[in-house]
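Enquirer: this one's sequence-less:
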């Protein structure tokens, strides 16, 4: 009897092209979610096997074995242990690659011990000829008690074979390849007798690590079968040796390698890319190139999105019947959505570059080069990736810190990443710099404004490293530093993988952070366009009276601006701004800037939009210039410009250091599993920001 | 001659003979860093750490303190 739906779990070592196989099988029929309670990505795809049958494929996180050392790897074991899980697979597909077959088979033999039907996929078959590798497939199938699909996901070869094997999974043997329990027969026999209905290997996994399994009381079990940590590890070593013996014996006959053909491009490239001088030069050139192209290339689509939404907003305002609903759409929702979409180009480009670096295998070399330097600051070589990603958005960056094994290093990375200048700070910086820094050139060719922007970026990095250094001294967490980084062979990235990766990451950002930004824009719009008392309702009359009673003639077009300004002052948000004025006055801000700063605590980029609302810019054309002109014209009661040099610098410093992003706090809470760290981040970063802004203003005014 | 793999010169090979099991991550064992296997030092990062080895066809970088816990017998012929 054939099932309609077959549940498949895709498992494999990192760098075996598991994700490529997944992408080839499922194409764009993918869904990305999270496992309940943790932020590990859960990727599910669909694939049609025959007229009647469909496969649901779960792409599990890459792992070297069933002995987990991270939450990602834990997901794999938890799933395979729990037959009652909704996602428990009918059949497991283990993806391996031709060049690392020996090591990849270790995981395969472990999964076979769980007695689940298992298919072996040997990927990258297109490299066999180049590497002089020959495989005796029937022999291997016989020894490993499985069916093998020899595929090349790069060349799109072998997909149908995988599908065919999945379809006929019921014919697969569920017998283990070897008897691993012979490493300590007495111990395992005792285990077998105590729990006659359970697989010994499952019990062994429960004893050696933190996995939940049925309703077995782990503590009870551990106490009766406990061994010292070192003894357990010695047994695990024995187990590993035993498995390798079996694998070596199998491959001795099943695999032939012509050593003379082992052309080693990897060794040659490594000699240059990890060189103590050239290595760094190349890395910094690549970084420089990435930042250059992100800012240059993404400025075109960003301008386009900006003007599109501005036009759309004024169009809806003109063509929909006037009223609350139209205002909500044209002043709340449309600018809100625009505020999210504007970040897509930068984020997409950054993720494109990062996935190119990762797919090609170069990123591991960067980790290798940077580790020692980063460790002085309590970080790990693996912190490089989050810190670079942080220039786009702290949210995916903090999630990227997950593969740092050492908890202290990971925690410090998570805590300092929000200091990195993210793309949300950029519009704030841009408008403030334009206001307070003259358009001059230094040394004839360096723009002073550009230089200021660069200093702000460096300030972000500097602050991240400085606080990491302090945290490293303060935090008393001793966790063993296990640093094991595989240096994969170099590969040309596959376009399909890049595209899907960029699409997913961008989508995650839009729907994750986007929701908050949109909700906030709507709330802001409401607070700004409604007031608690009659001053707000009667704004038109009050302003008109003022205008008529004044002696100097006033341009009628100014009246409407005056009205909206008056309305704002007497709206909810106006009162909020006024109530916090005493706190922000020492920093050089008035109540209007106060509103913008407060609303920025949901997301920084709201600053510019809020100022646009506050300074009641009527026409949306050439928006930035108009806001800029309005801001420039603002004066305080004494007649001094509001946005003077001191206020501007104070604001820049405040935005550089303050923790103003609800989404980041939420992700830190998730990743650290406690409210302690996000609260510490919020208090310390914002406190520090307040202090520096205060000093800067008081010193410069 | 017996020494730790941290003492190898770039390009030099040795046979792993022993290690301090409590200080070695299991992941490294699973990658094939086991007694009897040949290990070669490929590259050392600036400031002496991490070290990049090939063992059991695995290309892997580890930190100096881990490398010091793994003893090898150096193959004189190579």
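Expert: Looks like it came in fine. Since we're looking at a predicted model, the values are computed, not measured.

Enquirer: give the contact list for residue A:348.
Expert: Shown in contact with residue A:348 (CB atoms under 8 Å, 6 or more residues apart in numbering or on different chains): A:298, A:502, A:506. Just so you know, the C-beta spots here come from the backbone N, C-alpha and C atoms, and that holds for glycine as well.

Enquirer: The second one in helix, strand or coil?
Expert: If I follow you right, that is residue A:502. With DSSP: H, G, I helix; E, B strand; the rest coil as the basis, residue A:502 sits in helix.

Enquirer: Looks like it contacts residue A:353 (just checking).
Expert: No. Using CB atoms under 8 Å, residue A:502 is not in contact with residue A:353, being 9.7 Å away.

Enquirer: which residues do the two both contact?
Expert: Common neighbours of residue A:502 and residue A:353 (criterion: CB under 8 Å, 6+ apart): none identified.

Enquirer: Residues of chain B that sit close to chain A?
Expert: Residues of chain B lying close to chain A by CB under 8 Å from any CB of the partner chain are B:21-22, B:25-32, B:34-35, B:42-43, B:45-50, B:52, B:56-63, B:65-66.

Enquirer: For the stretch 51-200 of chain A, just list every one of the strands.
Expert: Using DSSP state E, counting those that start in this stretch, the strands of the stretch 51-200 of chain A run over A:54-59, A:91-97, A:118-123, A:133-135, A:147-150.

Enquirer: ok, now how distant is the residue in the stretch 51-200 of chain A that chain B sits nearest to from residue A:581?
Expert: The minimum distance from the stretch 51-200 of chain A to chain B, using CB to the nearest CB, falls at residue A:65 (4.6 Å). The gap separating residue A:65 from residue A:581 is 60 Å, by CB to CB, to the nearest Å.

Enquirer: more crowded one of these two?
Expert: residue A:65 (25 against 14; other CB atoms under 10 Å in any protein chain shown).

Enquirer: show me what contacts that one?
Expert: A:106-107, A:110, B:26-27, B:30.

Enquirer: So which of those residues belong to helices?
Expert: Counting by DSSP state H, these place A:106-107, A:110, B:26-27, B:30 in helices.

Enquirer: Between the residues you listed, which sits nearest residue A:680?
Expert: residue B:27 (31.1 Å; CB to CB).

Enquirer: and the closest one, how many neighbours?
Expert: Neighbour count of residue B:27, defined by other CB under 10 Å: 22.

Enquirer: list the contacts for it?
Expert: Residue B:27 makes contact with A:64-65, A:67, A:69, A:482, A:484, according to CB under 8 Å, 6+ apart.

Enquirer: What is the most widely separated pair among those?
Expert: So for the contacts of residue B:27, where distance means CB to CB, the most widely separated pair is A:65 and A:482, at 14.1 Å.

Enquirer: list the contacts for residue A:104?
Expert: Neighbouring residues of residue A:104 by CB under 8 Å, 6+ apart: A:12-13, A:16, A:94, A:96-97.

Enquirer: hmm, I was thinking of residue A:352
Expert: Contact analysis of residue A:352 by CB under 8 Å, 6+ apart lists A:498, A:502.

Enquirer: what about it, which SS state?
Expert: helix.

Enquirer: Okay, it and chain B: tell me how far apart.
Expert: 26 Å (CB to the nearest CB, to the nearest Å).

Enquirer: for chain B, which spans come out with low pLDDT?
Expert: Chain B contains residues with pLDDT under 70 at B:76-78.

Enquirer: So the residue of the stretch 201-350 of chain A found nearest chain B, which state does it fall into?
Expert: Closest to chain B within the stretch 201-350 of chain A is residue A:276: 4.3 Å, counting by CB to the nearest CB. Each residue gets one of three states, and residue A:276 gets coil by three-state DSSP.
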